[in-house]
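Visitor: predicted structure and sequence below. I'll ask about it afterward.
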Amino acid sequence: MPDSATTGSRFAYAADHALARAGDGYFTWLDHIWHAAACTHPIRLRGQVQHIDPATGELLRTVITDTMPDQVMYKPCGNRRATTCPGCAETYRRDAYHLIRAGLIGGKGITPAVTTHPAVFATFTAPSFGPVHTRPVRQHTCTDRTRCTCQPQPCHARRNPGRCEHGRHNACFTRHHRDDTRLGQPLCPDCYDYTAHAVWNNQAGELWRRTKQAIERHLGQLARRRGVPPLRVPCGNGTHRLVDPVRVAHGKAAEYQARGAVHFHVLLRLDGYDPADPDTIPPPPPAITVTDLEDATRHAAAAISYLTKPHPAQPGGWLIRWGDELDVRVITMRGTGTITDLAVASYLAKYATKSTETTGHASARLTTETIDLYANPAGTHPERLIAACWRLGRHPDHTSLRRWAHMLGFGGHFLTKARRYSIRFQDLRQARIIYRRTHDTGPEHGPIRAADHADDETTLVIGTLTYAGAGWATSGDALLANTAADQARKRREAGREELADEYNRAGTRRWAA
Ligand SMILES: [Zn+2]
Ligand SMILES: [Zn+2]
Ligand SMILES: [Zn+2]
Ligand SMILES: [Zn+2]
């Protein structure tokens, strides 16, 4: 059957189901599924939910899913990857945006005084594991690097081009277009060091942890030299310990470069420290400036290196360090740059919804049953990388390479932050649940949405629910739910609530170019 006919009959099938659903009880159903409506593959839950008064322990009521439309509750899948679930990824992106933003200019419970704290935005990259096709640009004149239209330099120009031992050219004079599929591919995959690359991805999180420590240590030493004494923190038994008077809080997003190496975009904010109330965010000592933060970041990125645990393939362990391409920019109130803190926040949030797609690989966790579908030591670039992860991860000291083979070795989170940087994702989710209960975000009528089985101030909600499946019952349901959610989103956007919120705020920072 030709493609269009297949699509046509599939649509007719979905439409039939949608029509059936759109009859009796449609609005009750839509209200029931509303909070999961934008999700592509919601989780279906079956069982009962008990509402309990936390003060008295009295059972207020029991809701049984058997009495609900479809006899189940729907819960959004919550996947942050836009290729997996666009609806949930959008929710995640918005949360990430607010989280990063609150850390820069305050709000959502974070003091607005953070606006005055020195801050830098840094990009840490991986070292080279062999030449890959690139698109070098000497001086960007574009405003958005992800849609860069600047004239690039030749990829790998050489005065005396030759061939490697595998007979491949070791030069490339092409000025690659932004969409060229060769970008990120090695000039010679047989010369490329897949082993070192896989191990580096796997260690990237640890490398960052050590780097952050080094930045704080550097600033602590600087404070001492500038006459800012360390703080005395009582230990309880009459003794004291000394701690540095300056702290660095960060928000960080991981991104895959086209070559499949992880790099980090990090916002670093300079804070003080109050031993009497460690949860507050006081300003840093005036003797430590944004230039010091920038210097400390550059210094740590260049200085930090360490050896991994040994492996039969590398008995001395692998040397882990950052690549030379470090970018550090100061975010300042008085700068003349054109990119604001809000742009930085949306930049980081956008990366949080992406994963390995840019490298041409997207799969769930790999097992011995599925590995052969994705790994091939003589195959494509991602296949070779996954093969390296799998092979090295056999060793008991390096099992996380296997565990994260589907992520090309990287096992970290895509958006992380220091405890004191900003609010937490949970707080945003909780705020959304409470908001949903008190505002009408869905269709006109809103009984309590029992599927939000989370605590609020007055009632304890306990669910004894079991997994009943994933996805919508029919393709017609998916069509109705996703369309309704999409229309609601468009109405909200038309309202421009967010925009008004952003532009009404004073004290927006600028990112010095
Ligand atoms: Zn979803
Ligand atoms: Zn090239
Ligand atoms: Zn450009
Ligand atoms: Zn070669």
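Guide: Received it, and whenever you're ready, just let me know what you need. Ligands and ions are numbered 1, 2, ... in the order given.

Visitor: which parts of the stretch 151-300 of the chain sit against ligand 4?
Guide: Proximity of the stretch 151-300 of the chain to ligand 4 (CB under 5 Å from the ion) is limited to residues 164, 166, 188, 190, 191. In this view, the C-beta of every residue, glycine as well, is placed from N, C-alpha and C.

Visitor: could you dump those residues to CSV with secondary structure and distance to ligand 3?
Guide: As requested, those are exported to CSV (DSSP: H, G, I helix; E, B strand; the rest coil; distance: CB to the ion, whole Å):
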residue, secondary structure, distance to ligand 3
164, coil, 31
166, coil, 33
188, coil, 28
190, coil, 32
191, coil, 29
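
Visitor: would you mind measuring from the residue lying closest to residue 394 once chain neighbours are set aside to residue 194?
Guide: Nearest residue to residue 394 in three dimensions, chain neighbours excluded: residue 402, at 7.2 Å (CB to CB, 6 or more residues apart in numbering). To residue 194, residue 402 is 15 Å away according to CB to CB, to the nearest Å.

Visitor: which one of these two has more residues nearby?
Guide: A count of neighbours by other CB atoms under 10 Å puts residue 194 above the other of residue 402 and residue 194, at 24 against 21.

Visitor: who's in contact with the more buried one?
Guide: 129, 384, 385, 387, 388 (CB atoms under 8 Å, 6 or more residues apart in numbering).

Visitor: change it to 6 Å
Guide: Residue 194 makes contact with 384, 385, 388, according to CB atoms under 6 Å, 6 or more residues apart in numbering.

Visitor: can you tell me the SS state at the second one?
Guide: When you say that, I think you mean residue 385. With DSSP: H, G, I helix; E, B strand; the rest coil as the basis, residue 385 sits in helix.

Visitor: wait, doesn't it sit right on residue 409?
Guide: No - counting by CB atoms under 6 Å, residue 385 does not reach residue 409; the two are 7.3 Å apart.

Visitor: what's the overlap in contacts for the two?
Guide: Counting by CB under 6 Å, 6+ apart, the shared contacts of residue 385 and residue 409 are residue 198.

Visitor: wait, is the residue nearest to residue 394 part of a strand?
Guide: No - assessed with three-state DSSP, residue 402 is helix; it does not lie in a strand.

Visitor: so what pLDDT did it get?
Guide: pLDDT recorded at residue 402 is 93.

Visitor: hmm, residue 393 and it touching each other?
Guide: Yes - counting by CB under 6 Å, residue 402 touches residue 393, with 3.1 Å between them.

Visitor: any regions of the stretch 51-200 of the chain where pLDDT drops low?
Guide: The model of the stretch 51-200 of the chain has pLDDT under 70 over residues 54, 146.

Visitor: how about the residues of it by ligand 1?
Guide: Counting by CB under 5 Å from the ion, the stretch 51-200 of the chain sits next to ligand 1 at 76, 77, 85, 88.

Visitor: hmm, 6 Å instead?
Guide: 76, 77, 79, 85, 87, 88 (CB under 6 Å from the ion).

Visitor: want to throw these into JSON lines with neighbour count and distance to ligand 4?
Guide: Listed next are those as JSON lines, based on neighbours: other CB atoms under 10 Å; distance: CB to the ion, whole Å:
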{"residue": "76", "neighbour count": "19", "distance to ligand 4": "47"}
{"residue": "77", "neighbour count": "19", "distance to ligand 4": "43"}
{"residue": "79", "neighbour count": "20", "distance to ligand 4": "39"}
{"residue": "85", "neighbour count": "22", "distance to ligand 4": "40"}
{"residue": "87", "neighbour count": "23", "distance to ligand 4": "45"}
{"residue": "88", "neighbour count": "23", "distance to ligand 4": "43"}
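
Visitor: export those residues as CSV, with columns for secondary structure.
Guide: Output for these, formatted as CSV (three-state DSSP):
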residue, secondary structure
76, coil
77, coil
79, coil
85, coil
87, helix
88, helix
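
Visitor: can I get stretch 243-259 in PDB, CA atoms only?
Guide: This file holds the C-alpha atoms of stretch 243-259, laid out as PDB (Å, rounded to 0.1, in the frame of the first residue of the first chain):
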ATOM      1  CA  VAL A 243      35.400  27.900  55.800                       C
ATOM      2  CA  ASP A 244      35.900  30.100  52.800                       C
ATOM      3  CA  PRO A 245      33.800  33.300  52.800                       C
ATOM      4  CA  VAL A 246      33.000  33.000  49.100                       C
ATOM      5  CA  ARG A 247      30.900  30.300  47.300                       C
ATOM      6  CA  VAL A 248      30.000  29.600  43.700                       C
ATOM      7  CA  ALA A 249      26.500  28.500  42.800                       C
ATOM      8  CA  HIS A 250      25.900  27.100  39.400                       C
ATOM      9  CA  GLY A 251      23.300  26.000  36.900                       C
ATOM     10  CA  LYS A 252      24.500  23.700  34.100                       C
ATOM     11  CA  ALA A 253      23.200  22.200  31.000                       C
ATOM     12  CA  ALA A 254      24.800  19.300  29.100                       C
ATOM     13  CA  GLU A 255      24.800  19.200  25.300                       C
ATOM     14  CA  TYR A 256      26.100  16.800  22.700                       C
ATOM     15  CA  GLN A 257      28.300  18.300  20.000                       C
ATOM     16  CA  ALA A 258      27.800  16.800  16.600                       C
ATOM     17  CA  ARG A 259      30.900  14.600  17.100                       C
END
